[in-house]
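*Asks:* Structural data only, the sequence is not supplied:
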């Protein structure tokens with residue numbers, strides 16, 4: 001089982017991967033107490 005720090009790090013890592021793929025304004029929002037996160041970014 002992951003602790004809260006591990007989960008937060010996974011969210012940050014995935015956001016970095018999206019940015020590295022050329023997306024801008026990468027954001028994420030934790031939902032359901034951190035069980036789910038929605039990531040978004042713009043690619044223009």
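*Replies:* Sure, I can see it. Just so it is clear, the structure is predicted and the values come from calculations on it, not from any experiment.
*Asks:* Quick check: phi and psi at the residue positioned nearest the centre of the chain.
*Replies:* For the chain, residue 11 is the residue whose C-alpha lies nearest the centre (C-alpha atoms, centre = their mean; 3.5 Å). Main-chain dihedrals, residue 11, degrees, to the nearest 10: phi -60, psi -40.
*Asks:* Burial check on the closest residue in space to it that isn't next to it in sequence, number of neighbours?
*Replies:* In space, and not counting its chain neighbours, residue 11 is closest to residue 37: 4.9 Å by C-beta to C-beta, 6 or more residues apart in numbering. (Each C-beta comes from the backbone N, C-alpha and C, glycine too.) Using other C-beta atoms under 10 Å, residue 37 has 16 other residues around it.
*Asks:* shouldn't residue 37 be in contact with residue 31?
*Replies:* Yes. In this structure, residue 37 is within contact of residue 31 by C-beta atoms under 8 Å, at 6.8 Å.
*Asks:* Tell me the buried residues in stretch 12-22?
*Replies:* Using 16 or more other C-beta atoms under 10 Å as the test for burial, stretch 12-22 gives 15, 18.
*Asks:* Quick check: the gap between the residue nearest to residue 11 and residue 24.
*Replies:* 19 Å (C-beta to C-beta, to the nearest Å).
*Asks:* Contacts only, for the residue nearest to the centre of the chain.
*Replies:* Contacts here follow C-beta atoms under 8 Å, 6 or more residues apart in numbering; on that basis residue 11 touches 28, 30, 37, 39.
*Asks:* any idea how far it lies from residue 44?
*Replies:* Residue 11 sits 24 Å away from residue 44, going by C-beta to C-beta.
*Asks:* Likewise for residue 37?
*Replies:* 23 Å.
*Asks:* Tell me where this structure has helices.
*Replies:* Shown for the chain, the helices assigned by DSSP state H span residues 4-20.
*Asks:* Okay, now the unreliable bits of it?
*Replies:* Per-residue confidence for the chain (pLDDT under 70) gives these ranges: 1-5, 7.
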